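[1] When you get a sec, could you give me coordinates for this:
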Amino acid sequence: MRKNIVAGNWKMNNDLSQTETLLTAIKQQTQTTNAEVMVAPTFVNLYPAVNTLKESNVEVIAQNMHFAANGAYTGEISATMLKSVGIETVILGHSERRAYFNETDELLAKKVDAALENGIRIIFCFGEELADRKANNQETIVKSQIANALFHLEASAFNNIILAYEPVWAIGTGETASPEQAQDMHQFIRQTLEDKYNSEVANNVSILYGGSVKPANAKEIFSKPDVDGGLIGGASLKADDFFAIVNAF
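    Modelled structure (predicted):
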């Protein structure tokens, strides 16, 4: 069954003290909500975050993980390491990982497999660049990214996958896809899943919008029938803004 979800991706922000201060504020403000709430601090602050939020309804998730269980991969973090500190969900395929760290669809397919094999739920990100949108090529790009990384999976795998559409041109730019553009793409994504699998998979998977969601636009974006929440960047670093977005449901 589809869930309303708001996930805060903190990216490379906040030291330990800042993390604990922000988590405490979020914990106090999200005691009652109609949405599933998640936050993704940096790797070094995951364990303290889990401890801070252990009696709250906010889940701590990871921003990334490696596909291998262990080995000579300096600086990387495995699924088993995440599990050992209480992490049950991971973000994979974020546009910044694709752009800055050359993560390909093929690599992401391996990460997806590793997460699922270890019982970790996935927020899988994808989306087009500005040039793709201007060329009206956005649906081709999105379908390719989903198919290449996910369509080797059985339908049942989507019980543990959340999708996040993030138009790259609207991340950190102040630009936002209109609610109508977001709805059109989310509807296309559901149809793509139905064509590959079935209507049950398409209708049950939560699809988040990620791209400059703010308190001022969250309610209108979330009101669209195929938008189930947001993957929030900058606005998740301010407790009041994040709570306002969560409260948009």
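[2] how close does the residue nearest to Ala170 when sequence neighbours are not counted get to Gly234?
    Nearest residue to Ala170, sequence neighbours excluded (CB to CB, 6 or more residues apart in numbering): Gly211, at 3.3 Å. Glycine gets a C-beta too; all of them are placed from N, C-alpha and C. Gly211 sits at a distance of 11 Å from Gly234 (criterion: CB to CB, to the nearest Å).
[3] Give me the more crowded residue out of the two.
    Set Gly211 next to Gly234 and count neighbours by other CB atoms under 10 Å: Gly211 wins out with 26 against 18.
[4] Is the more buried one in contact with Ala177, as I believe?
    Yes. Counting by CB atoms under 8 Å, Ala177 is a contact partner of Gly211 at 5.8 Å.
[5] just the strands in this protein please.
    Secondary structure of the chain (DSSP state E): strands located at 5-9, 36-40, 58-60, 89-92, 121-126, 161-165, 207-209, 229-232.
[6] Can you say which of those strands is packed in most?
    Scoring the strands of the chain by mean neighbour count under mean count of other CB atoms under 10 Å gives strand 229-232 as the most buried, with a mean of 29.
[7] Contacts for stretch 227-234 next, please.
    Identification of contacts with stretch 227-234 by CB atoms under 8 Å, 6 or more residues apart in numbering yields 2-9, 11, 35-36, 91, 123, 125, 164, 166, 171-172, 179, 182-183, 186, 206-210, 212-213, 218, 221-222, 242, 245, 249.
[8] Give me the distance from the lowest-mean-pLDDT helix or strand in the chain to the chain's centre.
    Lowest mean confidence among the helices and strands of the chain (mean pLDDT, DSSP states H and E): helix 130-134, at a mean of 89. The chain centroid and the centroid of helix 130-134 are separated by 22 Å under CA atoms, centre = their mean, to the nearest Å.
[9] which parts of that helix are buried?
    132-133 (16 or more other CB atoms under 10 Å).
[10] do you know how far the closest residue to Ala157 other than its chain neighbours is from Leu92?
    Nearest in space to Ala157, with sequence neighbours left out and distances taken as CB to CB, 6+ apart, is Leu116 at 5.8 Å. Between Leu116 and Leu92 the distance is 11 Å, computed by CB to CB.
[11] Overlap in contacts, these two.
    Counting by CB under 8 Å, 6+ apart, the residues touching both Leu116 and Leu92 are Ile122.
[12] wait, isn't the residue nearest to Ala157 in contact with Ile122?
    Yes. Taking CB under 8 Å as the definition, Leu116 is a contact partner of Ile122 at 7.1 Å.
[13] Quick check: neighbours shared by these two?
    Common neighbours of Leu116 and Ile122 (CB under 8 Å, 6+ apart) are Asn160.
[14] Reformat the strands of the chain as TSV; add distance to Lys238.
    Shown next, in TSV, are the strands of the chain (distance: least, CB to CB, whole Å):
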stretch	distance to Lys238
strand 5-9	10
strand 36-40	12
strand 58-60	15
strand 89-92	20
strand 121-126	21
strand 161-165	21
strand 207-209	19
strand 229-232	10
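[15] Residue ranges in the protein under the pLDDT threshold?
    Where the chain drops to pLDDT under 70, the residues are 30-32, 172, 174.
[16] I would like the residues contacting the longest helix anywhere in it, please.
    Secondary structure of the chain per DSSP state H: the longest helix is helix 179-196. Helix 179-196 has contacts (CB under 8 Å, 6+ apart) with 138-139, 142-143, 146-147, 151, 158, 163, 165, 167, 177, 201-203, 205, 207, 209, 217, 220-221, 223-227.
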